[in-house]
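S.K.: What follows is a protein structure lacking sequence information:
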């Protein structure tokens, strides 16, 4: 594939990541198993009339997308592509609740209209009057990766030069209660900063809206170059995972020795984290490594946060201390992100300095 | 990127048949699939017609080889996708790089909405197995696992254009040499959620829908699944059978007008059709048949019709909305109608637009109202437009 660059980002997360803020130097600590986004004042990004109608996920998505476009100084992207695993849960829940309570009678359309999975991408297009390519991927832990792959293919096809691509997912009271009942979250609350030393089952819930302006054009403002991305589904065992990672690097003619920093998706669940720990003893042995889900929580599109983190580390040539006690310098060149979601959806991102 | 992508197989389940042959027979005999609600447990039984697949979940489970307590969406998807693979007859399927790219609009909602009734009464209640496959992607994975497809699995949801987008995303992955074979299309089962949602929008016809009729009153919801098996040139040449056709053009545009309504001049529809033509290298007068989005709502049909009038300017191909047979199957319609388009080329047939009595006075053309055989059908345009302004068009071409 051709060269492609991350020109700008917009990230709403449970940390202070939105707008012109220092890079994670005031980490936010939580003592629950639910990390909620720190939301901006939407008035600066969205028309006041629209704000009242929009659910939280739509506002977060539209604001993160707008911030990203402003930073990129791009008024009209050539494509808008989003990834969301759960879609608009709040509006879905509102409509379902009324449907049950009112026994299918006297319902109103607003929540239904805004419940479709493509609402965020559609609202961004509507706001910009953007008639260009518009797509939404909804495949669990591959949602953001599919969106990014679509963007990378479009750039390669010369169908687009500047693409707005993002991930967005929300936690609602209902979704949190249900997933809690499924046993995916920790039952004994502790600090998110101590997530990796908990030694217990389950993780902490997260959410976020992370947008990127992906461009085929060189610019001194670019954060980083996105070299490659791959996904693999339900690997049979650790050998297959290691082979997938090796093949991915080999295909890019990149040796593991060239990777300056690894970002992995540990989420504090002792079962799921075993995979990372095994690879850390083999393929990733002695490599500088940081994690990120103690900052944003676990959710199917959390790799959006990871890519934002990687892009900012490359741009600033610093690793925030909350992410890991690792000193890097101007020689920092390549970052590999490896994430798995429930050992079903595995993904790899290779990012390098421009 | 200039490599061709071929259609090697099709699979369909809809209100007019449980497989491709049954669908074709119903189309030829002009037999629509709408009826009183039989399987969906809803307040709207005997009040609104729908186009249900004529099998209960037990029957669908038997056909699909899956358990009858999983989402109807997954059952429908598996049946049609398996038919498509069988039809393609690729002997070395498991040694190729295979993908399953499916689309749907509400995933396992048919189960979630039942869970929700218990859950609302008491948050500790409701069987978790009924909500575990709520996500759109979960439904796709049930089918992918059943089919043994592993190299790439993804799901697209852009409302009613979802499966058209899935099909051309799949084609692009083949062109980029990432995959050899992709089963692509979409599915949706009828749910109370969507039936009530469309009902609040007041766009459901209480009679059988009349797409492109001056007196159209709205759409009928349907359900089903439709898939095509797309293969690379290399795989196409290795197969002993003749390919159905090529996917020669595709495009996606956004109307950017309103969350649920189309712009009066059909800007998004126009751009999708125009760009798909450009991609295929064809001129408007090369198109022999348009499978219309044609939902039967006031808004869609005038927007789509206006865009066609502008793009085809006086030389109109034959066209029809097969939603007059299947109802509007939402996330499945692009897949089902892609399969119909492919079969139109293969058999030289044009499907009728049922119940069209009074042509729309604003439009300079009238869709076909009779089933036509022995037609020259070299290029077919299939339209799928959805909420959120998402508009997509596909073009299939004889080799």
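M.R.: Ah, there it is. The structure presented is a predicted model; accordingly, all values stated were derived computationally and were not measured. Residues are numbered from 1 along each chain as shown, chains lettered A, B, ... in the order given.
S.K.: Tell me how chain A divides into domains.
M.R.: As given by automatic domain parsing, the domain ranges for chain A are A:5-215, A:226-352.
S.K.: I meant to write chain B there.
M.R.: If you go by automatic domain parsing, chain B breaks into B:5-238, B:247-397.
S.K.: Would you reformat the ones you listed as TSV and include mean pLDDT?
M.R.: Output for the domains of chain B, formatted as TSV (pLDDT from 0 to 100):
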stretch	mean pLDDT
domain B:5-238	97
domain B:247-397	97
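S.K.: Redo those as CSV? Include mean neighbour count and distance to residue A:168.
M.R.: Every C-beta, even on glycine, is put in place using the N, C-alpha and C of the backbone. As requested, these are exported to CSV (neighbours: other Cβ atoms under 10 Å in any protein chain shown; distance: least, Cβ to Cβ, whole Å):
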stretch, mean neighbour count, distance to residue A:168
domain B:5-238, 23, 13
domain B:247-397, 23, 14
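S.K.: between the ones you listed, which gets nearest to residue A:32?
M.R.: Evaluated over the domains of chain B, closeness to residue A:32 peaks at domain B:5-238, with 17.4 Å, by Cβ to Cβ.
S.K.: Give me the distance between residue A:68 and chain B.
M.R.: With distances taken as Cβ to the nearest Cβ, to the nearest Å, residue A:68 is found 18 Å from chain B.
S.K.: Grab the nearest non-local neighbour of that residue.
M.R.: Nearest residue to residue A:68, sequence neighbours excluded (Cβ to Cβ, 6 or more residues apart in numbering or on different chains): residue A:10, at 3.3 Å.
S.K.: Repeat that for residue B:252.
M.R.: Take residue B:252 and drop its neighbours on the chain: the residue closest to it by Cβ to Cβ, 6+ apart is residue B:392, 4.7 Å away.
S.K.: I'd assumed the one you found was in a helix, is it?
M.R.: No. Residue B:392 is assigned strand when assessed by DSSP: H, G, I helix; E, B strand; the rest coil, not a helix.
S.K.: Could you list which residues are in contact with the closest residue to residue B:200 other than its chain neighbours?
M.R.: In space, and not counting its chain neighbours, residue B:200 is closest to residue A:109: 3.9 Å by Cβ to Cβ, 6+ apart. By Cβ atoms under 8 Å, 6 or more residues apart in numbering or on different chains, the residues touching residue A:109 are B:197, B:200-201, B:260.
S.K.: Equivalent analysis for residue B:306, please.
M.R.: The contact partners of residue B:306, by Cβ under 8 Å, 6+ apart, come to B:264-266, B:362-363.
S.K.: how near is it to residue B:203?
M.R.: Distance of residue B:306 to residue B:203, given as Cβ to Cβ, to the nearest Å: 18 Å.
S.K.: swap in residue A:272?
M.R.: Distance, residue A:272 to residue B:203, by Cβ to Cβ: 45 Å.
S.K.: all helices for the stretch 101-250 of chain A, in order.
M.R.: With helices called from DSSP state H, counting those that start in this stretch, the stretch 101-250 of chain A shows them at A:110-113, A:119-128, A:143-156, A:173-181, A:238-251.
S.K.: Please list the residues outside the lowest-mean-pLDDT helix or strand in chain A that contact it.
M.R.: Lowest by mean pLDDT, DSSP states H and E among the helices and strands of chain A is helix A:48-53, with a mean of 92. By Cβ under 8 Å, 6+ apart, the residues outside helix A:48-53 that reach it are A:42-43, A:59, A:110, A:114, A:123, A:127.
S.K.: what does the stretch 201-350 of chain A put close to chain B?
M.R.: Contacts of the stretch 201-350 of chain A with chain B, taken as Cβ under 8 Å from any Cβ of the partner chain, map to A:231, A:233-234, A:344.
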